[in-house]
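1. Using only what follows, build the 3D model:
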Amino acid sequence: MGLVDDLKSEVEKIFKGVWEVRDGHVVPESENLTLSNTGVKLKATVLYADLDGSTNLVDQQLPNFAAEIYKTYLVCAARIIKSEGGVITAYDGDRVMAVFIGDYKNTSAARCALKINYAVCEIINPLLKSCYPNNDYSVKQVVGVDTSELMATRTGVRGANDLVWVGRAANYAAKLCSLPSTHATRITKAVYDSMHGSVKSHDGRNMWELVTWTAMNSMEIYRSTWWWNVDYKK
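-> Below is the predicted model:
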């Protein structure tokens, strides 16, 4: 049997297979699911953090320098995500995806996004300038956050597979972080409406600006240029 027949068989098996979906209370790992039609459903908040201008970075800078930018950004983002209780579910080149669950998932994810902006503005870029005084490159990035019901399922083939996240939050968070880096953080109204007031304003000043997302049927989202000190909890 050739590859065409193999593929037809696999596709038909997926389309005709009965799904077994259970409610989840923790973020699953790939070994918790099979490659058949099984899934875990949970209410979650998804964060995507993405370097801006990475194509120009690799085109215009030396490979070692570009690699250092990738590494410093991703290690800061990952450490902050874990400190806020998020679970890293994927790295994709110059960006990272994380899932937050629980009663305070929106507050934690939004605060995490602001902390990543702090790391870029107050840690990475100053040290970059100090170590490379003759290079005018500056790190820019965008974090997108959305919340919804998600289903995690395992896909791929034996020896090369991973979880995929099906649901609005995963899709919208990824799209939000592709918007211009004029604002380092963008969240949906669903996230904003559900997060604690301490993450909405500081000294009576709203940290978020309500705007419409034209490309997505003019839905309301919030954007911010603020940051949050990584050592400051409340």
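
2. I'd like the mean pLDDT over the biggest strand by length in the chain, please.
-> Longest strand in the chain, counting residues (DSSP state E): strand 141-157. The average of the pLDDT scores along strand 141-157 is 95.

3. Please name every helix or strand in contact with that strand.
-> strand 38-51, helix 105-118, strand 160-166, helix 168-176, strand 185-188, helix 189-194 (3 or more C-beta pairs under 8 Å, 6 or more residues apart in numbering; DSSP states H and E). The C-beta positions use only the backbone N, C-alpha and C, and glycine is treated the same way.

4. Determine how far the second one lies from the middle of the whole chain.
-> This means helix 105-118. 11 Å (C-alpha atoms, centre = their mean, to the nearest Å).

5. Excluding covalently adjacent residues, which one is nearest to Leu150?
-> The spatial neighbour of Leu150 that comes closest, neighbours along the chain excluded (C-beta to C-beta, 6 or more residues apart in numbering), is Gly167 at 3.7 Å.

6. what does Arg95 give?
-> Nearest residue to Arg95 in three dimensions, chain neighbours excluded: Asp50, at 3.8 Å (C-beta to C-beta, 6+ apart).

7. Beta-bridge partners for the one you found, please?
-> In this entry, Asp50 is beta-bridged to Arg95, Val142, by DSSP bridges.

8. how about low-confidence regions in the chain?
-> Counting by pLDDT under 70, the chain shows low-confidence ranges at 1, 233-234.

9. Quick one: list the elements packing against the biggest helix by length in the chain.
-> Counting by DSSP state H, the longest helix found in the chain is helix 63-83. On a contact count with 3+ C-beta pairs under 8 Å, 6+ apart, helix 63-83 meets strand 38-51, helix 54-60, strand 87-92, strand 95-100, helix 105-118, helix 125-131.

10. Tell me, how many residues neighbour Glu68?
-> 15 (other C-beta atoms under 10 Å).

11. To clarify, my last question referred to Leu33.
-> 20.

12. again, but for Thr147
-> Quick note: Thr147 (other C-beta under 10 Å) scores 28 neighbours.

13. Mind listing the residues bridging to it?
-> Thr147 has these beta-bridge partners by DSSP bridges: Thr45.

14. Test my guess that it contacts Ala44.
-> Yes. Thr147 is within contact range of Ala44, at 7.0 Å (criterion: C-beta atoms under 8 Å).

15. The helices and strands packed on strand 141-157: which one's closest to Ser138?
-> Smallest distance to Ser138 across these (C-beta to C-beta): 11.6 Å, for strand 38-51.

16. if we can go back for a sec, pipe the helices and strands packed on strand 141-157 into a markdown table and attach mean neighbour count and distance to Cys76 per row.
-> Shown next, in a markdown table, are those (neighbours: other C-beta atoms under 10 Å; distance: least, C-beta to C-beta, whole Å):
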| stretch | mean neighbour count | distance to Cys76 |
| --- | --- | --- |
| strand 38-51 | 23 | 9 |
| helix 105-118 | 25 | 7 |
| strand 160-166 | 15 | 23 |
| helix 168-176 | 22 | 19 |
| strand 185-188 | 28 | 15 |
| helix 189-194 | 18 | 22 |
